[in-house]
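Novice: Build me a structure from this.
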Amino acid sequence: MMEEIELLRTLDSPFIVGYIDAFIETDLSINIILEYCHEGDMQTYFYKKFSDNKTSAVHNSFIWKTFIQICLGIQYLHTQKGILHRDLKMLNIFLTKDKDAKIGDFGAAQKIEDSIPVK
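Specialist: Numbers count the residues shown, from 1 in each chain. Predicted coordinates:
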C-alpha cells in the first residue's frame with residue numbers, strides 16, 4: 001500500500017486519476033484521497049447504461065476518445081515514468097463528469113526496470 005502511495009505521488013497526467021493526499025488513521029487503516037471521477041468506473045458506467053435495455057449503442061466518438069485517452073495514459077506511464085500498470089481493466093478506468101477516461105488503481109503497478117529479469 002505504501003508503494004502505491006509513493007508511486008501515485010509522482011504521477012501528473014490528465015489521463016491518470018490525480019493523487020491528493022494520504023493519511024493513516026489511529027486504527028492503522030490507510031486512506032488515499034484521489035481526484036473525484038463523477039461517472040465512476042467504466043464497468044459500472046456501462047452496466048448502468050445498458051441494463052435498462054433502452055440504450056443499444058455507444059457513439060463512435062466516445063469509444064475513440066476513451067481509447068485514445070487510455071493509450072495516452074499508458075504511454076505516459078511507460079515512457080515518462082517507467083511504470084507498468086499490470087491490472088488494466090474496465091474497473092480501473094474511471095470517467096469524469098465530462099466522460100474523460102483516467103487510469104486508476106495502481107496496487108499491482110511495478111517499475112519497468114524492476115520487472116526485467118536479470119540474465
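
Novice: Provide the secondary structure category for residue 8.
Specialist: Secondary structure state of residue 8, per DSSP: H, G, I helix; E, B strand; the rest coil, is helix.

Novice: I'd guessed it sits against residue 106; true?
Specialist: Yes - contact status for residue 8 versus residue 106: in contact at 6.1 Å, counting by CB atoms under 8 Å. (C-beta placed from N, C-alpha, C; glycine too.)

Novice: What segments of the protein are strands?
Specialist: 19-24, 30-34, 40-41, 83-84, 93-95, 101-103, 110-111 (DSSP state E).

Novice: what lines up beside the first one in the sheet?
Specialist: Which is strand 19-24. Strand 19-24 has its sheet partners listed here by DSSP bridges as strand 30-34 (antiparallel).

Novice: what's in contact with the partner strand?
Specialist: 1-2, 4-5, 8, 17-25, 104 (CB atoms under 8 Å, 6 or more residues apart in numbering).

Novice: Name the member of these that has the highest neighbour count.
Specialist: residue 17 (22 neighbours; other CB atoms under 10 Å).

Novice: any idea how far it is from residue 28?
Specialist: Distance from residue 17 to residue 28, counting by CB to CB, to the nearest Å: 24 Å.

Novice: circling back to that earlier point, between the strands of the chain, which one is closest to residue 71.
Specialist: Evaluated over those, closeness to residue 71 peaks at strand 101-103, with 9.8 Å, by CB to CB.

Novice: which other helices and strands contact that closest one?
Specialist: helix 60-75, strand 93-95 (3 or more CB pairs under 8 Å, 6 or more residues apart in numbering; DSSP states H and E).

Novice: Counting neighbours, which bits of the first one end up buried?
Specialist: Put plainly, it is helix 60-75. Using 16 or more other CB atoms under 10 Å as the burial criterion, the residues of helix 60-75 that qualify are 66, 69, 70, 72, 73, 74.

Novice: Pull the contacting residues for the residue lying closest to residue 113 once chain neighbours are set aside.
Specialist: In space, and not counting its chain neighbours, residue 113 is closest to residue 82: 6.2 Å by CB to CB, 6 or more residues apart in numbering. Counting by CB under 8 Å, 6+ apart, residue 82 touches 111, 112, 113.
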